[in-house]
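Undergrad: got a predicted structure here, sequence first:
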Amino acid sequence: MLLQRKPELTYADVTPKEIYFNRRKFLKAMGITGVAAFAGRNLLNLASPSRNVYAATKFTGLIKSPFSTTEKETPYQDVTHYNNFYEFGVDKAQPAKNAQNFRTSPWTVSVEGEVKTKRKFTMDEILKFAPLEERIYRHRCVEGWSIVVPWTGFSFNVLARLVEPTPKAKFVAFESYWDLGQMPMAKQALAGIEFPYVEGLRLDEAMNPLTLLCVGMYGESLPNQDGAPVRMVIPWKYGFKSIKSIVKIKFVSKEPPTTWNLANSHEYGFYSNVNPNVDHPRWSQATERRLGDIFRRKTLMFNGYQDQVASLYTGMDLKKYF
Ligand code: MTE
């Protein structure tokens, strides 16, 4: 994510990912040898692949989801070392390094607001709500890069039905964990956004079967930098809607505030549906670069999930409600 008032542009922000992440492979592919000019700071992080040391769980017997794409999965190493998780730093390589000791157990998620049954759920309870599925989704960041990830989880509507939203519930507000003791970078002055990180969906968006309550990836529990122990994944929206390390879910009657909209409402709307026809004020959204690819590809309307979600927006001006 790029804010106009971001303190400084990092190496990762301005460097093609192939160079920044795996310069040797890239140089070889480009036929260039003997060049040793790239900054080494971020490359050091590659030596320490980080997994969730507190709750590394391998999931077995995952149900294959009919919503999965058959496109090639992005390698685990790429997906787990090129992250946006501002609580652990604004540089793409920092979350993998700085979130290593993040404590994700014990963990509870409070479900509140306009529901019949307000509840605090432990992770053990959440993991038993429904059979876990593997969903291979395209995931498109507003910055123009994309990944294909085999997530683990189940439709968010399972949780919603369990707590029974009242007729007043029209939106769902999500809140991330925030603790300066464990996340010293999670200060507005450093990250350029307010904390705790908050996000929101319209109730019908939240209830759409594609909306995933996510507890893992690549058949294992989520690495800390990817939002352990539980996050959202909303595949037809830009990545920043997919809030990480959730501690609170509140069903509400009014559109809730969202972090990037609070930071810059001109650039980041509430809906943030992937839309190649609506540019970001500072760049085009017509194409994207899949991590690992050299060339850009066309971005698909609703990130390719048009059949499942276009009806949610019938009659809406998507330029106005961007
Ligand atoms: N959730 C929290 N709590 N903090 C964040 O900084 N970044 C968002 C989103 N969820 C973010 C967050 C952004 S900008 C993106 S693109 C995705 O997480 C990135 O998810 P990934 O690192 O798993 O690819």
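TA: That came through, no problem.

Undergrad: so what's the residue in the chain positioned nearest to the ligand up against?
TA: Closest approach between the chain and the ligand, counting by CB to the nearest ligand atom: Gly239, at 2.8 Å. Any C-beta I mention is one placed from the backbone N, CA and C, and that applies to glycine too. By CB atoms under 8 Å, 6 or more residues apart in numbering, the contact set of Gly239 is Asn84, His139, Arg140, Cys141, Val142.

Undergrad: is the second one in contact with Ser242, as I believe?
TA: Translated: His139. Yes. At 7.3 Å, His139 and Ser242 qualify as touching, with contact defined as CB atoms under 8 Å.

Undergrad: hey, what's in contact with both of these two?
TA: Val233.

Undergrad: sorry, back to before: pLDDT score assigned to the residue of the chain closest to the ligand?
TA: We note a pLDDT of 98 for Gly239 in this prediction.

Undergrad: so Ala310, which state does it fall into?
TA: helix (DSSP: H, G, I helix; E, B strand; the rest coil).

Undergrad: dig out what the nearest residue to Pro165 once chain neighbours are set aside forms beta bridges with.
TA: Sequence neighbours aside, Phe251 is the residue nearest to Pro165 in space, at 4.8 Å (criterion: CB to CB, 6 or more residues apart in numbering). Judged by DSSP bridges, the bridge partners of Phe251 are Gly113, Val172.

Undergrad: list the contacts of Phe251.
TA: By CB under 8 Å, 6+ apart, the neighbours of Phe251 are 111-115, 160, 163, 165-166, 169, 171-173, 203.

Undergrad: who wins for most neighbours among these?
TA: Val172 (27 neighbours; other CB atoms under 10 Å).

Undergrad: what sits against the spatially most central residue of the chain?
TA: What sits nearest the mean C-alpha location of the chain, by CA atoms, centre = their mean, is Ser242, with 3.8 Å. Ser242 is in contact with His139, Glu199, Cys214, Gly227, Arg231, Met232, Val233, Ile234, counting by CB under 8 Å, 6+ apart.

Undergrad: need the max-distance pair from those residues.
TA: Greatest spatial distance among the contacts of Ser242 (CB to CB): His139 and Glu199, at 14.9 Å.

Undergrad: looking at these two, which one has more neighbours?
TA: Between His139 and Glu199, Glu199 has the larger neighbour count (other CB under 10 Å), namely 26 against 22.

Undergrad: just give the closest residue to that one, not the sequence neighbours.
TA: Residue nearest to Glu199 in three dimensions, not counting chain neighbours: Ile243, with 4.0 Å by CB to CB, 6+ apart.

Undergrad: phi first, then psi, for the one you found.
TA: Backbone geometry at Ile243, expressed as degrees, to the nearest 10, gives phi -70, psi 140.

Undergrad: what's around it, how many residues?
TA: A total of 25 residues lie near Ile243 under the criterion other CB under 10 Å.

Undergrad: wait, it touches Trp178, no?
TA: No. Here Ile243 does not reach Trp178: they are 11.8 Å apart, not a contact under CB under 8 Å.

Undergrad: what do the two both touch?
TA: Common neighbours of Ile243 and Trp178, counting by CB under 8 Å, 6+ apart, are Tyr197.

Undergrad: okay, now Pro256: neighbour count?
TA: The tally of other residues near Pro256 (other CB under 10 Å) stands at 19.

Undergrad: give me the element it is part of.
TA: Assignment of secondary structure by DSSP states H and E places Pro256 within no helix or strand.

Undergrad: show me what contacts it?
TA: Counted by CB under 8 Å, 6+ apart, Pro256 has contacts Phe171, Val172, Ala173, Val198, Gly200, Lys250.

Undergrad: list, one by one, the residues from the stretch 1-150 of the chain near the ligand.
TA: With the criterion set to CB under 6 Å from any ligand atom, the stretch 1-150 of the chain comes near the ligand through Met1, Asn83, Asn84, Phe85, Tyr86, Glu87, Cys141.

Undergrad: could you do the stretch 201-322 of the chain as well?
TA: Counting by CB under 6 Å from any ligand atom, the stretch 201-322 of the chain sits next to the ligand at Asp226, Gly239, Phe240, Ser242, Ile243, Lys244, Ser245.

Undergrad: just the ones of these in helices?
TA: Using DSSP state H, no member of these sits in helices.

Undergrad: if we ignore the residues flanking it in sequence, what's nearest Glu255?
TA: Here the residue nearest Glu255, using CB to CB, 6+ apart, is Phe171, at 5.6 Å.

Undergrad: contact partners for the one you found?
TA: By CB under 8 Å, 6+ apart, the neighbours of Phe171 are Gly200, Leu201, Arg202, Leu203, Ala206, Phe251, Val252, Ser253, Lys254, Glu255, Pro256.

Undergrad: state the pLDDT value of the last one.
TA: This means Pro256. Pro256 is assigned 98 on the pLDDT scale.

Undergrad: ok, now how distant is it from Lys170?
TA: The spacing between Pro256 and Lys170, counted by CB to CB, to the nearest Å, is 10 Å.
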